[in-house]
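In: give me a model of this one.
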Amino acid sequence: MAIFRKIIEYANDEAIGFSKFLLLFVVGFFILFLGVMILMIAAVLSGGSASFGAVVFIGPFPIVIGVGPEATWIILFAIVLAVLTIIILFISRREAKVPFQ
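Out: Prediction:
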């Protein structure tokens, strides 16, 4: 009976974990959509002169890209966001529960 109770608790924890993942996914998608909208509005209002910066992770290695007159600041901001993302990843992994212990 105790093993069934552990299985049920683990299934409930998995459901809670999935709902947290889904919430983070939706929030991330909304932030991405909002950022794209802000970039489009800024490009229209600035008369066609826009800057762009991004960090792309391929495996554990980041690739930093930047174009435009303000690319240096945007690249620095993208690197700071990438470092924060890695820190949040490590913190969330540490807080994750290990099943059946």
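In: ranges for the strands of this protein?
Out: Secondary structure of the chain by DSSP state E: the strands cover 52-58, 61-67.
In: looking at these, spot the one closest to K20.
Out: Closest to K20 of the strands of the chain, according to CB to CB: strand 52-58, at 21.3 Å. For glycine as for every other residue, the C-beta is placed from the backbone atoms N, C-alpha and C.
In: all helices of this structure, in order?
Out: 2-45, 71-95 (DSSP state H).
In: quickly compare the ones you listed and say which is most buried.
Out: Each of the helices of the chain was assessed for mean neighbour count using mean count of other CB atoms under 10 Å. The highest is helix 71-95, with a mean of 12.
In: outline the domain layout of the protein.
Out: If you go by automatic domain parsing, the domain ranges for the chain are 1-48, 51-101.
In: flag the shaky bits of this protein, pLDDT-wise.
Out: Low-confidence segments of the chain, defined by pLDDT under 70, are located at 1-17, 48-50, 60, 95-101.
In: from I75, how far off is M40?
Out: To I75, M40 is 20 Å away according to CB to CB, to the nearest Å.
In: then L89?
Out: For L89, the distance to I75 - CB to CB - is 21 Å.
In: what does V56 give?
Out: 12 Å.
In: shared neighbours of those two, anything?
Out: I65 (CB atoms under 8 Å, 6 or more residues apart in numbering).
In: thinking again about what came up before, want to throw the helices of the chain into a markdown table with distance to S51?
Out: A markdown table is the format used below for the helices of the chain (distance: least, CB to CB, whole Å):
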| stretch | distance to S51 |
| --- | --- |
| helix 2-45 | 9 |
| helix 71-95 | 5 |
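In: who wins for proximity to I65 among the ones you listed?
Out: Nearest to I65 among the helices of the chain is helix 71-95; the distance by CB to CB comes to 7.9 Å.
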